[in-house]
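K.L.:
Turn this into a model:
(one chain, ligands or ions: 1)
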Amino acid sequence: MALFNVDSRIYVAGHRGLVGSAIVRRLEREGFTRILTATRDQLDLRDQAAVNYWFKANRPEFVFLAAGTVGGIWANSTRPAEFIYDNLMIHATAVHAAYTYGVRKLLYLGSSCIYPRECPQPMKEEYLLTGPLEPTNEPYAIAKIAGIKLCQAYRRQYGSDFISAMPTNLYGPNDNFDLESSHVLPALIRKFHDAKLEGRRQVTIWGTGAPRREFLHVDDLADACLFIMRNWDEDIHINVGTGQDLTIRELAETVRDAVHPEAELVWDTSKPDGMPQKLLDLTRLHDLGWHHSIELREGIRSTYQWFLENVGEVEPESGGAGARG
Ligand code: GFB
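P.N.:
Residues are numbered from 1 along each chain as shown. As a prediction, the model looks like this:
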């Protein structure tokens, strides 16, 4: 396995997003000194020539590929072209440049939406491509599956040590709190917070509240990413999560209790539910010895604190979905 240590030259693609920023924080905490990043203005990851030029000039030895256009169920449903094009291109250019410029190891990050809509639960890695995908995020999921297949293909044809990890739904510092494009957990924090500020009791939540989701704090994911970089070099992707899920109604009640306990939940069933359940099977990761450490209640509390200190009453940016950086 490639030697991954504090002197390694590490490129974190997507360092301004939820995942990339958590990986950078984690690397810095461990004393890594040669962390390479590039903003969207400095490097358009959809442009192969630009990406090649950047890899040639910067010569990363290890890559965390956490860049992509991301968003919640509404952004996925209404902006499918951006989700498929941006992600397909970013994955392809980065993997190809990593191969061309001799990257020693690359960790690609996907998403649990790669599994079939009616997948048996919990979802094992082997269930990939065994049934139709959830329609609200099919274009994004296809791009994410293409990322896994890119890593496998370069491994098989060229012997590249490119691996993939599939995290469950994530949350934490630097999340997107814009109500149109965010995922459910940051959306709930903002909705209950705004209602509290406005002295409003009713808070509207999308869908029926019945879907089940699993949530992992992004600092736990960053810990898992370093662990996987050090301990995984298989062709098959590896799931990352907590192994516990809850209904959206239970999640909403938990966020309400942390933010605005007097609030009343109102359900907007004109909005989509998405996948009925997305619970990952973690046998592989647990067998290697990794477990999450941040429980959901504590994670929600600390994320709300982060929101208060960093976002608070600031107006959300319109359409800001991207983790691409
Ligand atoms: O987090 P979320 O947008 O993504 O929605 P998915 C999860 C569930 O929460 C859905 C409900 O059933 C939503 O209808 N929900 C309730 C809300 N209120 C809200 C709200 O105010 N905002 C949002 N966003 N949801 C996405 C995929 O699926 O998750 C992506 O579209 C990706 O491809 C990502 O995989 C992790 O879990 O349904």
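
K.L.:
in the sheet, who's paired with Leu65?
P.N.:
For Leu65, the beta-bridge partners under DSSP bridges are Ala13, Tyr108.

K.L.:
can you pull the pLDDT of it?
P.N.:
With respect to pLDDT, Leu65 has a value of 98.

K.L.:
need the contact list for it.
P.N.:
By C-beta atoms under 8 Å, 6 or more residues apart in numbering, the contact set of Leu65 is Ala13, Gly14, His91, Ala94, Val95, Leu106, Leu107, Tyr108, Leu109, Gly147. Just so you know, the C-beta spots here come from the backbone N, C-alpha and C atoms, and that holds for glycine as well.

K.L.:
and what of Arg29?
P.N.:
Contacts of Arg29 (C-beta under 8 Å, 6+ apart): none.

K.L.:
Distance-wise, check it relative to the ligand.
P.N.:
25 Å (C-beta to the nearest ligand atom, to the nearest Å).

K.L.:
quick one: contacts for the closest residue to the ligand within the chain?
P.N.:
At 2.7 Å from the ligand, Gly72 is the closest residue in the chain, using C-beta to the nearest ligand atom. By C-beta under 8 Å, 6+ apart, the residues touching Gly72 are Ser181, Ser182, His183, Val184, Ala187.

K.L.:
so which two of those are the farthest from each other?
P.N.:
Largest separation among the contacts of Gly72 by C-beta to C-beta: Ser181 and Val184, giving 12.0 Å.

K.L.:
which of the contacts of Leu65 tops the neighbour count?
P.N.:
Ranked by neighbour count (other C-beta atoms under 10 Å), these have Ala13 at the top, with 32 neighbours.

K.L.:
show me the contacts for that one.
P.N.:
Gly20, Ala38, Leu45, Val63, Phe64, Leu65, Ala66, Ala67, Ile90, Ala94, Gly325.

K.L.:
Break down this structure into its helices, ranges please.
P.N.:
18-29, 48-58, 73-78, 80-100, 138-158, 184-198, 218-231, 248-259, 283-288, 296-310 (DSSP state H).

K.L.:
What residues sit buried inside the first one?
P.N.:
Spelled out, that is helix 18-29. Within helix 18-29, the residues that count as buried by 16 or more other C-beta atoms under 10 Å are Leu18, Val19, Gly20, Ser21, Ala22, Ile23, Val24, Arg25, Arg26, Leu27.

K.L.:
what angle do that helix and helix 218-231 make?
P.N.:
Orientation check (axes from the mean of the first three to the mean of the last three C-alpha atoms, to 10 degrees): helix 18-29 against helix 218-231 gives 70 degrees.

K.L.:
got it, and the fourth one?
P.N.:
Between helix 80-100 and helix 218-231, the angle formed by their directions is 30 degrees, by the same axes, to 10 degrees.

K.L.:
Would you mind listing what in the stretch 1-150 of the chain touches the ligand?
P.N.:
Gly72, Ile73, Trp74, Asn76, Ser111, Cys113, Thr136, Asn137, Tyr140 (C-beta under 6 Å from any ligand atom).

K.L.:
Got the confidence number for the residue of the chain positioned farthest from its centre?
P.N.:
Centroid-distance maximum for the chain: Gly199 at 33.1 Å, with C-alpha atoms, centre = their mean. Looking at Gly199, its pLDDT is 97.

K.L.:
what's the spacing between it and Pro120?
P.N.:
46 Å (C-beta to C-beta, to the nearest Å).

K.L.:
Then Ile189?
P.N.:
32 Å.
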